[in-house]
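# Mind folding the following:
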Amino acid sequence: MLPGFNHHTKGIEKRRQRIVKALKPGAAGDSLPKSLWDGSRPYKWRRLHPDEPSYTILAQMQRDLSEWIHPKHDRWITVREAARLQSFHDGFVFVGSECQQLKQVGNAVPPLLGHAVAAAARKLLKAV
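As a prediction, the model looks like this:
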């Protein structure tokens, strides 16, 4: 893998930086003080928890990363981190703009899931 390939993320404007900093690991928007968030759409803001499974990776990440905040750093997750959550090997390179890369990761069938389904199908076909 090339060092840092696909390991970049969108910038965060100042208002959103304050919200991101206020979220504890595993917390969502409904935990924020009213001065930062009006309480609408409680899952608009979600920080991943370092010891729990990730939220589902979706193609909509390319529009808004506020549901995928890094568990320890005050930033969105990167394309590479999203790909790792989907079980892509670090040697897999995504091409295109960052938005296109996030969409590719979000639309993908996780490789380990695809492998498990194929193995089960193979076993069933051999039994016939």
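
# From here on, just use CA atoms for contacts and neighbour counts.
Fine.

# Check which residues of stretch 24-38 are buried.
For stretch 24-38, the neighbour count (16 or more other Cα atoms under 10 Å) marks 24-32, 37 as buried.

# swap that for stretch 56-70, sorry
For stretch 56-70, using 16+ other Cα under 10 Å, the buried residues are 57-59, 61-62, 65-70.

# Nearest to Trp76, out of these: which one, please.
Ile69 (4.4 Å; Cα to Cα).

# In terms of pLDDT, where does the residue most central in space within the chain sit?
With distances taken as Cα atoms, centre = their mean, Ala82 lies nearest the centre of the chain, 4.2 Å away. In this prediction, Ala82 carries a pLDDT score of 95.

# Quick one: list the elements packing against whichever strand or helix holds it.
Assigned by DSSP states H and E, Ala82 falls within helix 79-85. Here helix 79-85 touches helix 98-107, going by 3 or more Cα pairs under 8 Å, 6 or more residues apart in numbering; DSSP states H and E.

# how close does Ala127 get to Ala119?
13 Å (Cα to Cα, to the nearest Å).

# So which of those two has more stuff around it?
Ala119 (12 against 7; other Cα atoms under 10 Å).

# Next up, the contacts around Tyr43.
The contact partners of Tyr43, by Cα atoms under 8 Å, 6 or more residues apart in numbering, come to 28-30, 67.

# Great, nothing more from me.
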